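[1] Provide a 3D model corresponding to the input given below.
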Amino acid sequence: MHAVKSLRSKSRLSVLALMLVFMVILAACGNTASTTNNTATSNTTSSKDDAASAPSSSPSNATAKKPVEIVWWHAMGGELGKAVDALVDAFNKSQNDVVVKAVFQGNYDEELNKLKASLGTKNAPTLVQVYEIGSRFMIDSGAIEPMQTWIDRDHFDISHLEPNILGYYTFDGKLYSMPFNTSNPILYYNKDMFRAAGLDPEKPPRTYEEFTTVAQQLTKNGVSGASFAIYGWFMEQFFAESGAELVNNGNGRDGLATESLLNSEAGVNTLTWWKQMVDNKSMLNLGRKTDDTRQAFGAGKVAMILDSTASLRGIVSGVGDKFEVGTGFLPHPQAVTDGGVIVGGASLWMLKEKSEEEKSAAWQFIKFLTSPEIQAQWHVSTGYFPITTKAYDVAIVKENMTKYPQFRTAVDQLHATPLNNATKGAVMGVFPEARQITERAMEEAINGQKSVKDALDQAANEITQKIQQYNRSIGK
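    Just a heads-up that it's a prediction; the model follows:
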């Protein structure tokens, strides 16, 4: 408890000082030649350097308690990894009681596989970042301590955190993990092409029906009206936009999911709509990679694409002055009024078998991450949503909104989404496998190898079998 009390006193450092530290470190990261594979080494080195430079002449310093060290596994590579390093260094420099070591573990799938292998061993981290579709597994693993435990113990106010983001990670009234990097997909479109086609550049299509018409009007002179990557996340989003659940038992939230609903009316209608545009040549099929649709959009080969909000700065910067980029909400079936988007990204999970001292230290780091000022800097540095509404009042966020007004669409879309089981998102223990099966079915239908109904029926049956096998494996 000595560490916790000490941390609370040191947390009174001015917000300005923390922000300056963070921004200076981030600038340094942007100029470094090191890669994210060096994350663990660089953080360990900086921690040792800090310890070595601390004054040790007085007896009280010589006998002072060593800082608590916690290990955080993450899946943020490239520029995102540099932003993580800056964030960790800012926290480590803001106080002397905790040292966070951030360790890059590859992509989300690779990281989760490493975590599974480490559970029950001394090699497991204190904190781990896990993508949203790994949530059911994390809960069923029995290896984690819900964030709600620390929220209740510390009387921590979460009323300022985004309710639609908290909704995904809340189960049975408990917040199990703390949201960290959060995104939604939005529609990106070429405003110049809209003008040339006689369309209002300030009114992107809002419904499936409108989208079909606009895509046909934009298809001319070697340009396709649209291109969607064959990505399971997009199909999941269209289910939510349709107000439909992807698995039974309230999307796996009222009870453990036992059946896939991929072949329901929402799935058939969405994939039929998608395939019809490919068939009439107003939709260009470029396969599974969002990188490919993004490049085609930037090159002026397609007029509309779907992509993550986290890609916004990269897309706008990449286009430059070639044309004006517009953003819009995801389209939905015309008759639907209760649909919306599901949050994507990842959250932070605390492992329960660690010492109380380590978990207390991890909680202090998590509180640091949720502060409006740090969330503001994380948002501006990466493009991910801030998880707290208070971040929108921070000056650098206001400036960023001025520079990238397209991001207002993402915020408005999130806030316009009603919170229900469809928009909270599905949960199942085999979600990564289910997404791959879904993408295979989408490909088969779009490429004409199977009918839409047959492809989705087969996929739904396979996913259902995997769900039930998983449930049996955990004794349910």
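[2] For the rest of this, base every contact and every neighbour count on C-alpha atoms.
    Noted.
[3] Tell me who's in contact with the residue lying closest to Phe104 once chain neighbours are set aside.
    Computed as C-alpha to C-alpha, 6 or more residues apart in numbering, the closest residue to Phe104 that is not its neighbour in sequence is His74, at 5.2 Å. Neighbouring residues of His74 by C-alpha atoms under 8 Å, 6 or more residues apart in numbering: 102-106, 111, 128-130.
[4] Nearest to Ile467 among those residues?
    Using C-alpha to C-alpha, Val130 comes nearest to Ile467 of those, at 19.7 Å.
[5] and the closest one, that's in a helix?
    No. Using DSSP: H, G, I helix; E, B strand; the rest coil, the secondary structure at Val130 is strand, not a helix.
[6] Going forward, count from 34.
    Got it, the first residue is 34 from now on, which makes the last one we talked about Val163.
[7] That one against Asn140, yeah?
    No. Look at Val163 against Asn140 with C-alpha atoms under 8 Å: they stay out of range, at 10.0 Å.
[8] neighbour count winner among those two?
    Using other C-alpha atoms under 10 Å as the criterion, Val163 and Asn140 rank with Val163 on top: 25 against 13.
[9] So for the residue nearest to Phe137, what's the pLDDT?
    On pLDDT, His107 comes in at 98.
[10] swap in Asn94?
    Asn94 is assigned 49 on the pLDDT scale.
[11] swap in Thr68?
    Reading off the model, Thr68 has pLDDT 34.
[12] same question, Asp122
    Reported pLDDT for Asp122: 97.
[13] before we move on, what about Lys509?
    88.
[14] How many residues are close by it?
    9.
[15] From Glu466, how far out is it?
    Using C-alpha to C-alpha, to the nearest Å, we find Lys509 at a distance of 19 Å from Glu466.
[16] now swap in Val133 and tell me
    For Val133, the distance to Glu466 - C-alpha to C-alpha - is 32 Å.
[17] Over to Leu251?
    Distance of Leu251 to Glu466, given as C-alpha to C-alpha: 36 Å.
[18] the more surrounded of those two?
    Leu251 (24 against 13).
[19] I'd like to know how far the residue nearest to that one when sequence neighbours are not counted sits from Ser315.
    Of all residues not flanking Leu251 in the chain, Gly258 sits nearest, at 4.7 Å (C-alpha to C-alpha, 6+ apart). As judged by C-alpha to C-alpha, Gly258 and Ser315 stand 5 Å apart.
[20] which residues are common contacts for those two?
    Common contacts of Gly258 and Ser315 (C-alpha under 8 Å, 6+ apart): 248-249, 251-252.
[21] got the residues you listed as JSON lines, with pLDDT and distance to Phe267 columns?
    Conversion of those to JSON lines gives the following (pLDDT from 0 to 100; distance: C-alpha to C-alpha, whole Å):
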{"residue": "Ala248", "pLDDT": "98", "distance to Phe267": "18"}
{"residue": "Gln249", "pLDDT": "98", "distance to Phe267": "21"}
{"residue": "Leu251", "pLDDT": "98", "distance to Phe267": "22"}
{"residue": "Thr252", "pLDDT": "98", "distance to Phe267": "22"}
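[22] If you rank every helix and strand of the chain by mean pLDDT, what lands last?
    The least trusted helix or strand in the chain, going by mean pLDDT, DSSP states H and E, turns out to be helix 72-86, with a mean of 35.
[23] which SS state does the residue minimising distance to the centre of the chain fall under?
    By C-alpha atoms, centre = their mean, the mean C-alpha position of the chain lies nearest to Gly378, the distance being 1.2 Å. Using three-state DSSP, the structure places Gly378 in strand.
[24] For the closest residue to Val335 other than its chain neighbours, grab phi and psi.
    In this structure, Val335 finds its nearest non-sequential neighbour in Ser257, 4.8 Å apart by C-alpha to C-alpha, 6+ apart. Phi and psi for Ser257, reported as degrees, to the nearest 10, are phi -90, psi 150.
[25] thinking again about what came up before, more neighbours: Gly258 and Ser315, which one.
    Set Gly258 next to Ser315 and count neighbours by other C-alpha under 10 Å: Gly258 wins out with 28 against 25.
[26] and this structure, what are its domains?
    35-216+377-436, 218-373+461-506 (automatic domain parsing).
[27] Can you tell me which helices and strands the helix or strand hosting Gly351 packs against?
    Assigned by DSSP states H and E, Gly351 falls within helix 345-352. Counting contacts by 3 or more C-alpha pairs under 8 Å, 6 or more residues apart in numbering; DSSP states H and E, helix 345-352 packs against helix 323-331.
[28] Now do the helix it packs on against helix 345-352, angle only.
    Counting by axes from the mean of the first three to the mean of the last three C-alpha atoms, to 10 degrees, helix 323-331 lies at 40 degrees to helix 345-352.
[29] For helix 323-331, give me every contacting residue.
    Counting by C-alpha under 8 Å, 6+ apart, 260-262, 264, 319, 335-338, 340, 348, 351-352 sit against helix 323-331.
[30] Which one of these sits in the busiest neighbourhood?
    Tallying neighbours with other C-alpha under 10 Å puts Met337 at the head of the contacts of helix 323-331, with 32 neighbours.
[31] For that residue, give me the backbone phi and psi.
    The phi/psi pair for Met337 (degrees, to the nearest 10) is phi -140, psi 140.
[32] State the distance from it to Val311.
    Relative to Val311, and taking C-alpha to C-alpha, Met337 is found at 13 Å.
[33] And Glu386, by the same measure?
    Separation of Glu386 from Val311 (C-alpha to C-alpha) stands at 51 Å.
[34] Would you confirm that Ile219 contacts Ser344?
    No. Checked against C-alpha under 8 Å, the pair Ile219 and Ser344 is beyond contact range at 9.8 Å.
[35] The two: who's more crowded?
    Neighbour comparison, Ile219 and Ser344: the larger count goes to Ile219, with 24 against 16 (by other C-alpha under 10 Å).
[36] now what about the helix or strand harbouring the more buried one, what contacts it?
    Using DSSP H and E, Ile219 maps to strand 218-223. The contact list for strand 218-223 (C-alpha under 8 Å, 6+ apart) reads 237, 267, 336-342, 356-363, 374, 442-443.
[37] Parallel or antiparallel, list what pairs with that strand.
    When pairing is defined by DSSP bridges, strand 218-223 lines up against strand 337-341 (antiparallel), strand 358-361 (antiparallel).
[38] what residue ranges in this structure are flagged as low confidence?
    Along the chain, the model assigns pLDDT under 70 to residues 34-97.
[39] Run through the strands of it in chain order.
    Assigned by DSSP state E, the chain shows strands spanning 101-107, 131-137, 160-164, 177-178, 203-204, 207-208, 211-216, 218-223, 337-341, 358-361, 377-384.
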